[in-house]
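K.L.:
One predicted model, sequence on top.
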Amino acid sequence: MKLIEIKDLYFKYPFEEKYVLTNINLCIDSNESIAILGPNGSGKTTLIKHLNGILKPTKGEVFIEGKNTKEKSVAELSRIVGIVFQNPDHQLFSNTVFEEISFALINFGFNKEEIDRRVKEMLKYFNLEKYEQSSPLLLSGGEKKRVALASILCYDPKIIVLDEPTVGLDYFQRTALINIIKKLKKEGKTIITITHDIDFALEVAERGIILKDGKIIKDDLLINIIYEEELLNEANLVQPTLAKLIIELEKSGIKLGRNITTVEEFIRSINL
Amino acid sequence: MVETLQQLKNLFDRLTYKMIRPELFFIIKKKSLIHNLDPRTKLIFSVSMLILALLSTSLTYLFLLFIVTIIPLFLARLSKELLSILKFISLFAFLVFFFNYIFTFNLYLSFAMVFRLLVIVFSFLVFSLTTSPDEIVLMLYKLRFPFSLVFSLSLSIRFIPTLMRDATNIIDAQRSRGLETQKGNLIKRIKNYIPVFIPLLVISINRAMNVAEAMESRCFGAVKRPTSFYDIKFNKLDFIFLFFFFLFIFFLIFINFIFPFFFFKI
């Protein structure tokens, strides 16, 4: 049984003519890490909203752990699929960070000791302990993002979906986020990331899905995708400098092989 | 039974979806004589019709007014919309008829009251369905309303769709965290919306501050009466329209003199 299975998904908003998603077929196994790439308005966010049933397919079906999303409530599906939305301001509302993180736990009916334990654990995990009693609305952008992420991770969903997690983060916060995602991957989570930043995608994901105008135009390993310049241009993505360099070197006769993703690997292959 | 409930729910969703779509409150853009009229002309028409509708309770009189009110809507090529609006207010019309009949047992009066309702609603629609928010703002400005007031009105209209998009995003985010708005008794259900209202409020205040700063950095408030890029002017069409409208009013006054009590007979 696949963890996520999307069959011939078509979606349009009610009372509108145009389909936002057309003919999406997708299978995702557990412990995969996936980056969904594509230009603005290509339907990325609409697609992930189908994973926990916020949106139901107009045509076709979405199965999460073999359960049809049409038959399950959003709350039930959210236990399996945790979605962290792009803008943390869209969900922070409590008086304290502690309350904010415990919101989902209360909704899912955890008992008091368990809530206390999990929230404390999350605060430690995200390095937010000193903010436990401060207002989430007064935190900085990066801290807000971490609170939003913690408020989803606290109930331990199997699948974690991140919508544009790098927007508005500085270099250090971005690196910290990459480390968190890598750690989660090691813990056996399935991670789906929406991003424009292909360098970030390379760090956190193996498989890339490129959406354009509501269609999947490519579903392949990221390491293959970064060498397809035309495809990347079509999807408004910037080719990583390393990939560009390797292609240029190939043109002048130096073959390094196309499985290099980091600068360290590149230097090592030159030394050979 | 379940199917009927589902159908009812669908109908309700459809209605509320339509009601919260701001484009149905406001202009339906089409090319027509009425759309080209000066908003002040249309305002004169709408307000006069409103006053005229309140003057008498005669069925003939109100029916005549009704016919005159829907002529501009037909000229504006809104006959299709007219039908859907009629459907929408038929419930209110029925209630008006029902209560008038219960209290007076007068069939003529009850029908007259229904037509009065229709005249009031449609005369308002002649104005609102054919005038863009920009035109309304420009009109208020020309009528010497203070600029800051007029501008904030236009801003608040412009931000309705943005606010609705935010609200949808917030509801989606909170539902993903296990919020179920349809659970519990009435008070519980209202409380369920707290996680939606607070972020919405915070975002709106933040946005208002940002907009204010952006406006100030572009010299808003530098002069008392700023010029405007677009202009509204009375042209030939307005005079022709108003000529016919005043002709109609004179006709009413004339009838009233020749046959007194014609319009006031119940």
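P.N.:
Perfect, I can see it now.
K.L.:
Spell out which parts of the stretch 101-250 of chain B neighbour chain A.
P.N.:
Contact residues (C-beta under 8 Å from any C-beta of the partner chain) of the stretch 101-250 of chain B with chain A: B:166, B:169-170, B:172-180, B:194-195, B:198-199, B:202-203, B:206. Every residue, glycine included, has its C-beta placed from N, CA and C.
K.L.:
One more pass at 6 Å, please.
P.N.:
Taking C-beta under 6 Å from any C-beta of the partner chain as the measure of proximity, the stretch 101-250 of chain B contacts chain A at B:169-170, B:172-173, B:175-178, B:180, B:195, B:198-199, B:203.
K.L.:
Would you list the buried entries among those?
P.N.:
Burial by neighbour count, judged by 16 or more other C-beta atoms under 10 Å in any protein chain shown, picks out B:N169, B:I170, B:D172, B:A173, B:R175, B:S176, B:R177, B:G178, B:P195, B:I198, B:P199, B:I203 from those.
K.L.:
Quick one: low-confidence residue ranges for the chain.
P.N.:
Went with chain A since none was named. A:272 (pLDDT under 70).
K.L.:
other chain: chain B
P.N.:
Using pLDDT under 70, chain B drops low at B:1-27, B:261-266.
K.L.:
Any idea which residue of it lies closest to chain A?
P.N.:
B:G178 (3.2 Å; C-beta to the nearest C-beta).
K.L.:
Look at that residue and tell me its secondary structure.
P.N.:
When classified by DSSP: H, G, I helix; E, B strand; the rest coil, B:G178 comes out as coil.
K.L.:
so what's it up against?
P.N.:
Listed by C-beta atoms under 6 Å, 6 or more residues apart in numbering or on different chains, the contact partners of B:G178 are A:A75, A:S78, A:A104, A:N107, A:F108.
K.L.:
got these as CSV, with neighbour count and secondary structure columns?
P.N.:
Shown next, in CSV, are the contacts of B:G178 (neighbours: other C-beta atoms under 10 Å in any protein chain shown; DSSP: H, G, I helix; E, B strand; the rest coil):
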residue, neighbour count, secondary structure
A:A75, 19, helix
A:S78, 26, helix
A:A104, 28, helix
A:N107, 19, helix
A:F108, 16, coil
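K.L.:
and the residue lying closest to A:D220 once chain neighbours are set aside, what is it in contact with?
P.N.:
Spatial nearest neighbour of A:D220, chain neighbours left out: A:G208 (6.4 Å); criterion: C-beta to C-beta, 6 or more residues apart in numbering or on different chains. Contacts for A:G208 were tallied using C-beta under 6 Å, 6+ apart; they are A:A35, A:L37, A:L222, A:I225.
K.L.:
Can you report phi and psi for the second one?
P.N.:
The one in question is A:L37. Phi and psi for A:L37, reported as degrees, to the nearest 10, are phi -120, psi 160.
K.L.:
do the one 3 residues further on as well
P.N.:
Here the main-chain torsion angles of A:N40 (degrees, to the nearest 10) amount to phi -60, psi 140.
K.L.:
how far away is the residue nearest to it when sequence neighbours are not counted from A:L177?
P.N.:
Counting by C-beta to C-beta, 6+ apart, A:N236 is the residue found nearest to A:N40 once chain neighbours are left out, at 7.8 Å. Distance of A:N236 to A:L177, given as C-beta to C-beta, to the nearest Å: 22 Å.
K.L.:
now do B:V211
P.N.:
Separation of B:V211 from A:L177 (C-beta to C-beta): 30 Å.
K.L.:
For the two, indicate the residue with more neighbours.
P.N.:
Neighbour count, other C-beta atoms under 10 Å in any protein chain shown: between B:V211 and A:L177, A:L177 has more, with 22 against 14.
K.L.:
Look at the nearest residue to the more buried one once chain neighbours are set aside and give its secondary structure.
P.N.:
Spatially, and ignoring its direct neighbours in sequence, A:L177 is nearest to A:P165 (5.9 Å; C-beta to C-beta, 6+ apart). Put simply, A:P165 is coil when judged by three-state DSSP.
K.L.:
Could you count how many residues lie near A:P165?
P.N.:
For A:P165, the count of nearby residues is 26 (other C-beta under 10 Å).
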